[in-house]
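In: Quick check, what structure comes out for this input:
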Amino acid sequence: MKNAISVPALRLKLGLLHARHGVWPFIAAGLAALSLACAAALIPGQLAATAQARDSLARVQQALAEQANMPAAQRLSHAQSLARVLSDQRDTDAQIRQLLELAASMNVTVVQADYRRIADAQHTWSEFQISLPVRADYLVLRQFLFQAMAQMPSLSLEQLIIKHEQPSAPQVDAQLLLSLWQKPADSPNLASAGER
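Out: Modelled structure (predicted):
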């Protein structure tokens with residue numbers, strides 16, 4: 001027990017350390033201990049997230065490798081992949097109605113809506129932009145966007161500007177720019193246009 005430090009000797013050493021250097025060594029030791037404790041608490045979560053990201057990456061790489069090994073006739077071209085998602089331009093009114101009904105059912109107040117259509121040069125697709133100034137709770141607005149994009153695969157969120165002037169107010173004002181990606185009513189088949 002020669003190497004064991006007695007309590008009075010430890011007190012004496014700590015007292016001398018305090019007298020010579022003040023409280024800074026104790027603060028540094030406390031911060032170092034706190035940093036180690038935080039690292040010990042956060043590292044397992046980071047390791048799990050990293051493992052999950054690696055698994056996801058492995059699945060994507062496997063899917064890409066499987067697609068690369070497919071016969072050329074079975075591979076989807078970019079145009080064919082896009083054609084699967086595009087909605088029909090003739091359904092624009094129904095899609096807008098569906099979007100506004102979803103907003104109303106979730107208590108998302110739509111002030112007005114502005115629309116604009118952009119078509120590509122070959123008339124194989126068009127983008128129908130919808131500008132929506134809305135007011136809602138942030139979480140409700142977020143859920144609205146998730147549900148809208150889940151119900152309409154051809155819908156994308158292009159821009160989201162949030163204004164929250166009063167921190168105590170539960171609702172936010174937001175400017176949404178949404179796009180409906182569509183096949184023009186008179187366009188040729190997009191998959192065949194992509195194969196030219």
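In: So this protein: which segments form each domain?
Out: Segmentation of the chain into domains, based on automatic domain parsing, reads 1-75, 78-192.
In: top helix in the protein by residue count?
Out: Criterion DSSP state H: the longest helix present in the chain is helix 24-69.
In: Now find how far off-centre that helix is within its chain.
Out: The chain centroid and the centroid of helix 24-69 are separated by 19 Å, computed with CA atoms, centre = their mean, to the nearest Å.
In: what's the answer for stretch 129-141, then?
Out: Taking the mean of its C-alpha atoms, stretch 129-141 sits 16 Å from the chain's own mean (CA atoms, centre = their mean).
In: Show residues contacting that stretch.
Out: By CB atoms under 8 Å, 6 or more residues apart in numbering, the surrounding residues in contact with stretch 129-141 are 96, 99, 103, 106-118, 144, 158, 162, 164, 170-180. The way it works is simple: take the backbone N, C-alpha and C, and place the C-beta from them, glycine included.
In: Any of those residues buried? List them.
Out: Neighbour counting with 16 or more other CB atoms under 10 Å marks 96, 99, 103, 108, 113, 144, 171-174, 176-180 as buried within these.
In: Pick the one among these closest to Gln89.
Out: Gln89 has its nearest neighbour among the buried ones among the contacts of stretch 129-141 in Leu180, at 8.9 Å by CB to CB.
In: Can you give me the distance of Leu157 to Arg135?
Out: To Arg135, Leu157 is 17 Å away according to CB to CB, to the nearest Å.
In: Sorry, slip of the keys, the one I care about is Ser126.
Out: With distances taken as CB to CB, Ser126 is found 29 Å from Arg135.
In: Which one's more surrounded, those two?
Out: Taking neighbours as other CB atoms under 10 Å, Ser126 and Arg135 compare with Ser126 leading, 20 against 15.
In: residue contacts, that one?
Out: Ser126 touches Gln89, Arg117, Ile118, Ala119, Asp120, Trp181, Gln182, Lys183, Pro184, counting by CB under 8 Å, 6+ apart.
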